[in-house]
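A.B. asks: Turn this into a structure:
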Amino acid sequence: MCRPGWARARTAAQHLEDLARLRRVRDRIDREYAQPLDVEALARGAFMSAGHLSRQFRSAYGESPYSYLMTRRIERAMALLRRGDLSVTDVCFAVGCSSLGTFSTRFTELVGMPPSSYQRQAADATAGIPSCVAKQVTRPVRHRESQPTAAAAAELQPA
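C.D. replies: As a prediction, the model looks like this:
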């Protein structure tokens, strides 16, 4: 059964409007990652239901809004830990996490080691590398199959 032309146009227009809303949600997460954000609040701001936002966001970006938020938080935490002047607890709260346990668990899932271990190793591993390059090289990757093997990670360590 074919849709009338106006129905197809409405569907395409709605799709573009949803993509613009999703981009605004992603931009808000990028800007306000340290604020208390939850999917319901993000959905209200995008005039969507939480379920619809989650489905659409995952379809567009490959991960849920919560996963994207936690990746941004962990990415910022990695930069703060590399600086070495804050404790793990201070970093946890600085990036918007309210639970040290949840922060440590997520950090370990994404980075492959606890934040305290990362802090000890990161200072040596990124010494002499510009921070903009270190950020790109050390960016957390959620998908385990795309993470480097232990042998490849060892090659990155200075001798």
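A.B. asks: show me where this structure has helices.
C.D. replies: For the chain, the helices defined by DSSP state H occupy 5-32, 39-45, 50-61, 65-83, 88-94, 100-111, 115-125, 131-137, 150-156.
A.B. asks: CSV for those, including mean pLDDT?
C.D. replies: Formatted as CSV, the helices of the chain follow (pLDDT from 0 to 100):
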stretch, mean pLDDT
helix 5-32, 84
helix 39-45, 93
helix 50-61, 94
helix 65-83, 94
helix 88-94, 97
helix 100-111, 95
helix 115-125, 85
helix 131-137, 70
helix 150-156, 47
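A.B. asks: Among these, show me which one is buried the most.
C.D. replies: With neighbours taken as mean count of other Cβ atoms under 10 Å, the helices of the chain reach their highest mean count in helix 65-83, at a mean of 21. Heads up, the C-betas are built off the backbone N, CA and C, glycines and all.
A.B. asks: For that one, which helices and strands make contact with it?
C.D. replies: helix 5-32, helix 39-45, helix 50-61, helix 88-94, helix 100-111, helix 115-125, helix 131-137 (3 or more Cβ pairs under 8 Å, 6 or more residues apart in numbering; DSSP states H and E).
A.B. asks: elements contacting the fifth one?
C.D. replies: When you say that, I think you mean helix 100-111. Partner elements for helix 100-111 (3+ Cβ pairs under 8 Å, 6+ apart): helix 65-83, helix 88-94, helix 115-125.
A.B. asks: For the closest residue to residue 29 other than its chain neighbours, which residues are in contact?
C.D. replies: In space, and not counting its chain neighbours, residue 29 is closest to residue 69: 5.1 Å by Cβ to Cβ, 6 or more residues apart in numbering. By Cβ atoms under 8 Å, 6 or more residues apart in numbering, residue 69 lies in contact with 29, 33, 37.
A.B. asks: distance of residue 67 from residue 86?
C.D. replies: According to Cβ to Cβ, to the nearest Å, residue 67 stands 24 Å off from residue 86.
A.B. asks: and if you look at residue 103?
C.D. replies: Taking Cβ to Cβ, one finds residue 103 at 13 Å from residue 86.
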